[in-house]
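**Student:** what's the 3D shape of this:
(one chain, ligands or ions: 1)
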Amino acid sequence: MTKPRIGVLTSGGDCPGLNAVLRGVVLAAEKLGWEVLGFLDGFEGLLPPGNYKILKRRDTAGIMPRGGTIIGTTNRGHFVAKVGAGNRAEVAEKVIADAREVLKSLGVDGLIIVGGDGSMATAQQLQDAGINCIGVPKTIDNDLEATAMTFGFDSAVATVMDALDRLHTTATSHKRIMVLEVMGRHAGWIALHGGIAGGAHVNQSAIVVVAEGAKPRDGQVVMRHCEEGEDRYGGIGAVVAREIAARTGKETRCTVLGHLQRGGTPTTLDRILGTRFGVKAVKLIQEKKFGSMVSYQNYQVRHVPIADAVNRLRLVPPDGELVQTARDVDISFGD
Ligand code: F6P
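**Tutor:** Numbers count the residues shown, from 1 in each chain. Below is the predicted model:
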């Protein structure tokens with residue numbers, strides 16, 4: 001008798017903890033006697049004739065500490081469904097029909113999609129077209145309204161904190177101002193958490209953390225939503241550094257952390273969250289709760305409709321407790 005089969009793919013920008021999810025999926029599925037097909041390079045692995053690798057227990061050995069994803073990912077290609085500026089996911093019908101055929105011919109009963117808002121928009125479209133999908137939220141940006149936390153975020157913040165610790169010593173020695181540009185796309189969570197953990201405030205020297213989604217307007221740096229069609233967000237750090245140097249007359253340097261925030265070994269929290277999310281995704285398939293996304297709420301791993309994660313970003317509330325805490329430890333927001 002053939003084993004029941006499920007599929008899993010990782011989509012969008014990589015982040016630490018993806019391999020913990022994959023390990024959780026494979027080990028939980030094997031317990032149920034299921035076979036796991038890992039589709040390679042994101043949704044692109046669903047294109048005919050199907051590009052996949054059967055994932056077994058032995059494939060998961062030693063992957064927990066590894067950054068990235070052992071089955072590859074992409075934030076480009078045939079399944080890209082842009083969200084963020086209010087537009088709905090639109091993947092070509094033929095592409096979806098082909099993917100459905102591939103999954104059917106391989107006998108895959110449920111597909112776990114590990115990704116961020118864009119990937120969830122694609123997942124919703126596949127689900128609407130009759131493909132049984134379960135979503136797992138992933139992004140270093142931690143900007144999905146439908147879950148209190150995504151794995152990858154804690155590791156990214158740890159990298160920012162480490163960078164700030166290092167910048168402090170050189171900044172103080174030279175009495176310079178240091179600007180650190182961090183990722184986050186539309187949201188300033190990495191900047192805020194990293195800034196608090198790394199003590200981004202003014203002493204003898206100053207450390208300024210700017211989120212890449214910020215842009216200068218009327219002499220102020222403001223957060224923005226990206227414009228339609230725009231898919232890169234970096235560059236603000238250099239602008240801010242130039243402005244600070246011109247206004248203060250102080251030596252100012254800019255560091256852009258870039259993809260260092262996405263690489264490397266996951267923190268304890270991301271390993272545990274990733275494992276919990278992977279195991280939960282398998283349970284949701286077992287319960288046939290298709291169209292659901294794993295969600296972290298009140299310290300519990302639960303589920304919500306995938307649709308809840310589409311086009312609903314969680315941005316930093318300017319009047320929230322965390323911003324107030326930052327202000328209380330002398331972090332200035334430039335206002
Ligand atoms: O969404 C995750 C993220 O790392 C953002 O913080 C950043 O804007 C973007 O992806 C970078 O994408 P790319 O890998 O295409 O440079």
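
**Student:** near the ligand, which residues of this structure?
**Tutor:** Within the chain, the positions adjacent to the ligand are 13, 75, 116, 139-141, 183-185, 212, 233, 262 by CB under 6 Å from any ligand atom. Where C-beta positions appear, they are placed from N, C-alpha and C, glycine not excepted.

**Student:** can you list the weak-confidence ranges in this structure?
**Tutor:** 1, 81-89, 202-208, 210-233 (pLDDT under 70).

**Student:** care to break it down by domain?
**Tutor:** Per the record, the chain has its domains at 5-152+266-309, 153-262, by automatic domain parsing.

**Student:** could these go into TSV alongside mean neighbour count?
**Tutor:** Output for the domains of the chain, formatted as TSV (neighbours: other CB atoms under 10 Å):
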stretch	mean neighbour count
domain 5-152+266-309	21
domain 153-262	18
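
**Student:** excluding chain neighbours, give the residue nearest to residue 292 in space.
**Tutor:** Nearest non-adjacent residue to residue 292, counting by CB to CB, 6 or more residues apart in numbering: residue 303, 4.2 Å away.

**Student:** out of the domains of the chain, which comes closest to residue 321?
**Tutor:** domain 153-262 (11.2 Å; CB to CB).

**Student:** one step back: and residue 320, which of the domains of the chain is closest to it?
**Tutor:** With CB to CB, the closest approach to residue 320 among the domains of the chain belongs to domain 153-262: 9.2 Å.

**Student:** now the helices for the stretch 51-200 of the chain?
**Tutor:** 93-106, 117-128, 153-174, 189-197 (DSSP state H, counting those that start in this stretch).

**Student:** which one of the ones you listed lies closest to residue 292?
**Tutor:** helix 117-128 (9.4 Å).

**Student:** which helices and strands does the closest one pack with?
**Tutor:** helix 93-106, strand 108-115, strand 133-137 (3 or more CB pairs under 8 Å, 6 or more residues apart in numbering; DSSP states H and E).

**Student:** which one of the ones you listed lies nearest to residue 25?
**Tutor:** When the helices and strands packed on helix 117-128 are compared by CB to CB, strand 108-115 sits nearest residue 25, at 6.0 Å.

**Student:** centre of the chain to that closest one, how far?
**Tutor:** Offset of strand 108-115 from its chain centre (CA atoms, centre = their mean, to the nearest Å): 17 Å.

**Student:** and residue 316, how far from residue 190?
**Tutor:** 10 Å (CB to CB, to the nearest Å).

**Student:** can you check residue 261 too?
**Tutor:** 7 Å.

**Student:** okay, and the common contacts of those two?
**Tutor:** 140, 156, 160, 182-183 (CB atoms under 8 Å, 6 or more residues apart in numbering).

**Student:** got those as TSV, with distance to residue 20 columns?
**Tutor:** Listed next are these as TSV, based on distance: CB to CB, whole Å:
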residue	distance to residue 20
140	14
156	15
160	21
182	23
183	20
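
**Student:** just the closest of the residues you listed to residue 310, please.
**Tutor:** residue 140 (19.0 Å).

**Student:** which non-adjacent residue is nearest that closest one?
**Tutor:** residue 156 (3.9 Å).

**Student:** doesn't residue 190 make contact with that neighbour?
**Tutor:** Yes - using CB atoms under 8 Å, residue 156 makes contact with residue 190 at a distance of 5.5 Å.

**Student:** roughly how far does the residue in the chain positioned nearest to the ligand sit from residue 105?
**Tutor:** Taking CB to the nearest ligand atom, the ligand has its nearest neighbour within the chain at residue 183, 3.3 Å off. Distance of residue 183 to residue 105, computed by CB to CB: 39 Å.

**Student:** and if you look at residue 318?
**Tutor:** 51 Å.

**Student:** got the CA positions of the host helix or strand of residue 30 in PDB?
**Tutor:** Assigned by DSSP states H and E, residue 30 belongs to helix 18-31. The C-alpha trace of helix 18-31 is given here as PDB (Å, rounded to 0.1, in the frame of the first residue of the first chain):
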ATOM      1  CA  LEU A  18      13.100  27.500   8.200                       C
ATOM      2  CA  ASN A  19      15.000  24.200   8.600                       C
ATOM      3  CA  ALA A  20      13.500  23.800  12.100                       C
ATOM      4  CA  VAL A  21      10.100  24.000  10.500                       C
ATOM      5  CA  LEU A  22      11.100  21.400   7.800                       C
ATOM      6  CA  ARG A  23      12.400  19.100  10.500                       C
ATOM      7  CA  GLY A  24       9.200  19.400  12.500                       C
ATOM      8  CA  VAL A  25       7.100  18.600   9.400                       C
ATOM      9  CA  VAL A  26       9.100  15.600   8.500                       C
ATOM     10  CA  LEU A  27       9.400  14.100  11.900                       C
ATOM     11  CA  ALA A  28       5.700  14.600  12.800                       C
ATOM     12  CA  ALA A  29       4.600  13.300   9.300                       C
ATOM     13  CA  GLU A  30       6.700  10.200   9.700                       C
ATOM     14  CA  LYS A  31       5.000   9.400  13.000                       C
END
